[in-house]
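>>> below are the sequence and a predicted model; questions follow.
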Amino acid sequence: MTDSVSIIIPGYNEEKRILRTLTTLCRFCEENIETYEILFVDDGSTDHTWEWVNEFNAPSLRPIRLTRNRGKGAAVREGMFRARGRYRFFTDADLPYELDAILTAMDLFHTSGCDIVVGARDLPGSVDRAGLSRLRKMASRAFSAITARLLEIEVRDSQCGFKGFTAHAAETLFSQSTIRGYAFDVEILALARVLDLHICRAPVTLVENQGSRIRLARDGLSMLIDLVRLRARQRAGGSR
């Protein structure tokens, strides 16, 4: 693959797994991508994450540190602004999906003219090897239904932690986004619909689900509040 690719990993207190994640990601990129960079965005960690990342010896790695914990959306946004690649992806620090999803997305960018490629666990071809719990599956479906009702758009599996953007789409969308928490994905997709950007969905293989930071009760309420605020902005006459 000759296109330049940026891979953004947001993380908070990831000292137990970040070295393994970076090793796996670097190996995959070396084998499959000619020009790439990995941006790890430390979202104000209070453990040894920042030290471990800085000691990791990889020319392709660009560590970025936020001075305080601002949320996953804020960390991804910072990474998108700092990225240099023609195509820009983000995924979670536990690498929950097989990295071949990047190659699938690149094929879609080239063959379908997509502006955005989003992973979709509900597509034929998607595989759950990690055994996502029934409760989380139900919560995901409920969140999608509430999103569709409040925002009047169909956003299936918006919370899949794998998405890719062209440089232009990334800069356009993240310059307009405001949500700093987990619901930032919904805002990005809602903005993309308003801007008539071409969204493609790609199957993914879930291989890890033990590292999720989302707590259904606490974070679910916060995400719902963000959806209500998005709806209020829509009614006020703007996409923001």
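Thanks, I have the structure now.

>>> burial measure for T205, as a count.
By other CB atoms under 10 Å, 18 other residues sit near T205. C-beta: built from backbone N, CA, C; applies to glycine.

>>> and if you look at T67?
Counted with other CB under 10 Å, residues neighbouring T67 total 7.

>>> against L61, how distant is it?
Remark: distance between T67 and L61 (CB to CB, to the nearest Å) = 20 Å.

>>> low-confidence ranges, this protein, go.
Segments of the chain classed as low confidence (criterion: pLDDT under 70) are 154-155, 209-219, 237-240.

>>> in the longest helix seen in it, what's buried?
Using DSSP state H, we find that the single longest helix of the chain is helix 216-235. Across helix 216-235, burial judged by 16 or more other CB atoms under 10 Å covers 219-220, 222-223, 226-227, 230-231, 234.

>>> quick one, what contacts E34?
1-2 (CB atoms under 8 Å, 6 or more residues apart in numbering).

>>> please report how far it lies from V5.
From E34 to V5 the distance is 9 Å (CB to CB).

>>> same thing with P96?
19 Å.

>>> the two: which is more packed in?
A direct count of neighbours by other CB under 10 Å for P96 and V5 places V5 higher, at 25 against 22.

>>> helix/strand/coil for the more buried one?
When classified by DSSP: H, G, I helix; E, B strand; the rest coil, V5 comes out as strand.

>>> ok, now the one 4 residues further on?
When the structure is reduced to helix, strand and coil (three-state DSSP), I9 reads as strand.

>>> neighbours of it, how many?
The local packing of I9 (other CB under 10 Å) involves 26 other residues.

>>> give me the beta-bridge partners of the nearest residue to it once chain neighbours are set aside?
Leaving aside its sequence neighbours, I9 sits nearest to F40 (CB to CB, 6 or more residues apart in numbering; 4.9 Å). In this structure, F40 bridges to I9, P63 when assessed by DSSP bridges.

>>> contact partners for F40?
9, 11, 18, 22, 53, 61-64.

>>> now, of those residues, which are buried?
Buried among the contacts of F40 (16+ other CB under 10 Å): 9, 11, 18, 22, 53, 61-64.

>>> save these as JSON lines, and put in distance to I199 too.
What follows is those, written out as JSON lines (distance: CB to CB, whole Å):
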{"residue": "I9", "distance to I199": "22"}
{"residue": "G11", "distance to I199": "26"}
{"residue": "I18", "distance to I199": "30"}
{"residue": "L22", "distance to I199": "29"}
{"residue": "V53", "distance to I199": "32"}
{"residue": "L61", "distance to I199": "29"}
{"residue": "R62", "distance to I199": "27"}
{"residue": "P63", "distance to I199": "30"}
{"residue": "I64", "distance to I199": "27"}
